[in-house]
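1. how does the following fold in three dimensions:
(one chain, ligands or ions: 1)
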Amino acid sequence: MSKNYRAELVGVFGDPVDENPTGVMEEAAFEALGLPFRYLTIRVRREELPGAIAGLRAFNMRGINLTIPHKIAVIPHLDELTEAAEIIGAVNTVINEGGRLIGENTDGKGMLESFAENGCEVKNKHLVILGAGGAARAIAVEAALAGAGQVTILNRTLKKARELSEMIANRTGVPSEGLPLLPEVRVPEGTDVLVNATSIGLYPDTGSRPDIDYDSITPGMVVTDVVFNDPNTRFLQAAEKRGARTINGLGMLVNQGAVNFKLWTGKDAPKALMERTLRGEFGLD
Ligand code: NDP
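-> Numbers count the residues shown, from 1 in each chain. I've put the predicted structure just below:
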């Protein structure tokens, strides 16, 4: 029988992209399952995106991840969007289905899957999200589509919180409110799940955490953070001290990668291996 040396290509387009860790866990997963896939971490400048997408089509790549600054700019180059990507208005994953490029957003799905792994369902729950940027938007929309009872957005820039909450209510029918993220703000009564989706805490050396009244966190709450590179964030440490159950941002990243893996290969991802690989990359073991 003749051998097949052809690689199936996936990867990420972004700028900056050098420190994007996704490729390491995807490649480990491809190797573990003996799949002929390669994940390429490719710097694509803003103005080069059209050429990069043409290249993706020419190479018949199986898909691509998009990161800064391409998540919105890529949309006109695609043939179709999933419902979630269309509502979120941003794409982080493209699937090439026989030449048709389909845009999906797996950020929020990764977070919801991470909740599920930890026995936390969002159906009928009141979610409170700190932040109104890309990650907050993806989590809020997926939670609403999954049947959350209420979604409250707190953001430093109030206008963005209001725009996001109005969009959630209009597009999904889930009640939603936008509030200011003021110093020492209390977490609303009745909150079931509290998410830090701001980028505060991303740089652990600054030791920062959102400026909320941590005494308003109660033991019945599930508290999670999107920050993944040093996942035991000061935000989660403070929530844990109040007796809340915490879920770290590494789970979101691993599960997002696992969703992408399944979309591209059709196979279930070896999640434990992917998490171990990332932990090694971040020097967490
Ligand atoms: P954006 O730039 O789109 O949004 C940043 C958000 O943080 C905004 O709401 C902004 O508020 C808020 N913010 C930033 N600094 C402050 C501050 N000093 N005080 C108050 N609010 C602040 O970023 P993304 O949504 O793309 O990313 C957010 C985080 O999510 C990053 O840490 C990223 O690494 C992480 N992430 C994690 C993923 C995972 O898999 N775990 C996946 C995707 C992202 P304002 O509107 O007022 O500026």
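
2. once you drop chain neighbours, what's closest to Arg279?
-> By the measure of CB to CB, 6 or more residues apart in numbering, the closest residue to Arg279 outside its immediate chain neighbours is Asp285, 5.2 Å from it. Just so you know, the C-beta spots here come from the backbone N, C-alpha and C atoms, and that holds for glycine as well.

3. burial of the one you found, as a residue count?
-> Summarising burial for Asp285: neighbours were counted as other CB atoms under 10 Å, giving 6.

4. check Asp18 too.
-> Taking other CB under 10 Å as the neighbour definition, Asp18 ends up with a count of 8.

5. same check, this time on Glu240
-> So Glu240, with other CB under 10 Å, has 14 neighbours.

6. that one: what secondary structure?
-> Local secondary structure at Glu240 is given as helix here, using DSSP: H, G, I helix; E, B strand; the rest coil.

7. wait, it sits on Ile247?
-> No - the pair formed by Glu240 and Ile247 falls short of the contact definition of CB atoms under 8 Å, at 10.9 Å.

8. can you check which residues contact both of the two?
-> Shared contacts of Glu240 and Ile247, defined by CB atoms under 8 Å, 6 or more residues apart in numbering, are found at Val223.

9. who in the stretch 101-250 of the chain is up against the ligand?
-> Residues of the stretch 101-250 of the chain found near the ligand, taking CB under 6 Å from any ligand atom as the criterion, are 107, 110, 131-136, 155-157, 160, 181, 197-200, 202, 226-228, 249.

10. would you write a PyMOL line that selects the buried entries of those residues?
-> Applied in PyMOL, the following selects the buried portion of these according to 16 or more other CB atoms under 10 Å:
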select buried, resi 107+110+131+132+134+135+136+155+156+160+181+197+198+200+202+226+227+228+249
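
11. contacts only, for the residue nearest to Asn124 when sequence neighbours are not counted.
-> Nearest residue to Asn124 in three dimensions, chain neighbours excluded: Gly149, at 4.3 Å (CB to CB, 6+ apart). The contact partners of Gly149, taken as CB under 8 Å, 6+ apart, are 123-126, 174-175.

12. Phe37 now?
-> 7-10, 26, 30, 62, 264-265.

13. please identify the buried residues of stretch 154-171?
-> Neighbour-count burial for stretch 154-171, with 16+ other CB under 10 Å as criterion, is recorded at 154-156, 158, 160-165, 167-169, 171.

14. which residues sit against that stretch?
-> If you take CB under 8 Å, 6+ apart as the criterion, stretch 154-171 is touched by 87, 128-133, 136-137, 140-141, 144, 151-153, 174-181, 185, 198.

15. filter the residues you listed down to the ones in strands?
-> Judged by DSSP state E, strands contain the following of the contacts of stretch 154-171: 128-130, 151-153, 176-180, 185.

16. can you tell me which of the residues you listed are buried?
-> When neighbours are counted using 16+ other CB under 10 Å, those contain these buried positions: 128-130, 151-153, 176-179, 185.

17. out of those, which comes closest to the ligand?
-> Leu130 (7.6 Å; CB to the nearest ligand atom).

18. let me know whether the closest one touches Arg209 as I believe.
-> No - under the criterion of CB under 8 Å, Leu130 makes no contact with Arg209, lying 10.2 Å away.

19. and for the two, which residues touch both?
-> Overlap of the contact sets of Leu130 and Arg209 (by CB under 8 Å, 6+ apart) consists of Asn196.

20. and the gap between the residue nearest to Arg279 and the ligand?
-> Here the distance between Asp285 and the ligand works out to 19 Å (CB to the nearest ligand atom, to the nearest Å).

21. just the buried residues of the host helix or strand of Gly51, please?
-> Counting by DSSP states H and E, the element that carries Gly51 is helix 49-58. Residues of helix 49-58 classed as buried: 49, 52-53, 56 (neighbour count, 16+ other CB under 10 Å).

22. counting by contacts, list what it packs against.
-> Packing partners of helix 49-58 (3 or more CB pairs under 8 Å, 6 or more residues apart in numbering; DSSP states H and E): strand 93-97, strand 100-104.
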